[in-house]
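Student: when you get a sec, could you give me coordinates for this:
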Amino acid sequence: MSLKDAIKAKKTRTTPQKAQALEEVAKEEIKRLNVNLPASLLKSFKAKAAIEGKEMSEVIKSFIEQYVNQ
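Tutor: Predicted coordinates for the structure are as follows:
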């Protein structure tokens, strides 16, 4: 895509497309966290997250956000 085409595409974006483009630019870099847990605790955690239809990462992120915002 040429610069001219990119500028034209930018000018013709609809509002949802603009919002999506801004969201992509604003995404924060993701880092990995490794945690050592007893096998039984990990098994219970995986099961509960699955029953609730949640990703384990989503649950951990929520716990950490609550912890740092106390």
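
Student: the chain: helices as residue ranges?
Tutor: 3-11, 15-26, 39-51, 56-68 (DSSP state H).

Student: ok, which of these comes nearest residue 33?
Tutor: helix 56-68 (7.5 Å; C-beta to C-beta). Yep, even glycine has a C-beta here, placed from its N, CA and C like the rest.

Student: between that closest one and helix 39-51, how many degrees?
Tutor: 100 degrees (axes from the mean of the first three to the mean of the last three C-alpha atoms, to 10 degrees).

Student: tell me what helix 56-68 is packed against?
Tutor: Counting contacts by 3 or more C-beta pairs under 8 Å, 6 or more residues apart in numbering; DSSP states H and E, helix 56-68 packs against helix 39-51.

Student: so what touches the helix it packs on?
Tutor: 37, 55, 56, 58, 59 (C-beta atoms under 8 Å, 6 or more residues apart in numbering).

Student: how close does residue 26 sit to residue 19?
Tutor: 10 Å (C-beta to C-beta, to the nearest Å).

Student: neighbour-wise, which of the two wins?
Tutor: Relative neighbour count places residue 19 above the other of residue 26 and residue 19, with 11 against 7, counting by other C-beta atoms under 10 Å.

Student: quick revisit: any shared contact partners between residue 26 and residue 19?
Tutor: With C-beta under 8 Å, 6+ apart, residue 26 and residue 19 have no common neighbours.

Student: return the helix or strand in the protein with minimum mean pLDDT.
Tutor: Least confident element among the helices and strands of the chain, by mean pLDDT, DSSP states H and E: helix 3-11 (a mean of 63).
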